[in-house]
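Student: sharing a model prediction with you, sequence too.
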Amino acid sequence: MSIKGKVVVITGSTSGIGLGIAKGFAQAGVNVMINGLAESEVIEGILEELRDYGIKAIYHGADMTQPAQIKDLISSTVAEFGALDILINNAGIQKVAPIEDFPDSSWDAIMAINLSSAFHTTKATLPVMRRAGWGRIINIASAHGLVASPFKSAYVAAKHGVIGLTKTTALECAEHNITCNAICPGWVMTPLVEKQIEDLALSRAMSKAQVKTDILLKNQWTKKFVEVEELSATALFLCSQAAQNITGTNINVDGGWTAA
């Protein structure tokens, strides 16, 4: 079964992992609704690049902390495309600090964007998929959805929650030809990670190169950063007929991090 002509919503898709996945799906002939934060000229450039693959691409600026805006993202997708076949929950932010110093506002924002937004998109999308008799939901979790690191209490808690939401969603819609799975990347060189590298280099008086080798890739046994194209290919596989009985699970693309 080809997914060419189907419609995907990808949250947090104006940069990093989400943008890489959007490009991969556009290349596969899937119409794309992107979402995220960026300057208007950047967004237009992304849309033009996606449309060059011969697909329809639209942007919706829903704030992922606002349930009403998330609901509008989903309803607008159906109105504009006439369908919503694939949902990819990718939006995420990060904050690194010890628990006793962790700002309450940062905890609330990370929970809202990294976890609650996936619940709200899924809630709004499932009725559409049930009516169509087909659907694929893919949650971009993290290796931190399976293991912890210090100073990332909110991120780790949210990503563990994403894994739980994935399993529950899979069970609730298993008989409706809808699957739900999580992809758990290790370290991917994205703007979010680049910022962490800068922060760690400053706080630990290390070079960026040392941070990469001695901290980030220490437990990533391949000693390679995951590439966004790998995650896009994994997501495309989960939408294929070959993956119709893969549901409620997490696929780790982490260079062996969680195997140890």
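Tutor: Nice, I can see it.

Student: longest strand anywhere in this protein?
Tutor: Ranked by residue count, the top strand of the chain under DSSP state E comes out as strand 178-185.

Student: elements contacting that strand?
Tutor: Secondary-structure packing of strand 178-185 (3 or more Cβ pairs under 8 Å, 6 or more residues apart in numbering; DSSP states H and E): helix 117-132, strand 135-140, helix 153-172, helix 228-238, strand 250-253. Quick note: C-beta positions are derived from backbone N, CA and C, even for glycine.

Student: figure out which of the ones you listed is closest to Glu41.
Tutor: Counting by Cβ to Cβ, Glu41 lies closest to helix 228-238 out of the helices and strands packed on strand 178-185; the figure is 21.9 Å.

Student: pLDDT (mean, whole number) over the closest one?
Tutor: Confidence over helix 228-238 (mean pLDDT, whole number) is 98.

Student: also stretch 104-124?
Tutor: Here stretch 104-124 scores 98 as its mean pLDDT.

Student: which residue of the chain sits farthest from its center?
Tutor: Distance from the C-alpha centroid of the chain, by Cα atoms, centre = their mean, peaks at Ala205 (31.4 Å).

Student: show the pLDDT at it.
Tutor: On pLDDT, Ala205 comes in at 93.

Student: just the helices in the protein please.
Tutor: Counting by DSSP state H, the chain has these helices, from start to end: 16-27, 40-51, 67-81, 104-110, 117-132, 153-172, 191-204, 208-210, 228-238.

Student: compare those helices and say which comes out lowest on pLDDT.
Tutor: Ranked by mean pLDDT, the helices of the chain bottom out at helix 191-204, with a mean of 87.

Student: how far does the longest strand of the chain sit from its chain's centre?
Tutor: Distance of strand 178-185 from the chain centroid (Cα atoms, centre = their mean, to the nearest Å) equals 10 Å.

Student: quickly list what Asn181 is bridged to.
Tutor: Asn181 has the following beta-bridge partners by DSSP bridges: Ile138.

Student: tell me how far it lies from Gly29.
Tutor: Going from Asn181 to Gly29 by Cβ to Cβ, to the nearest Å gives 21 Å.
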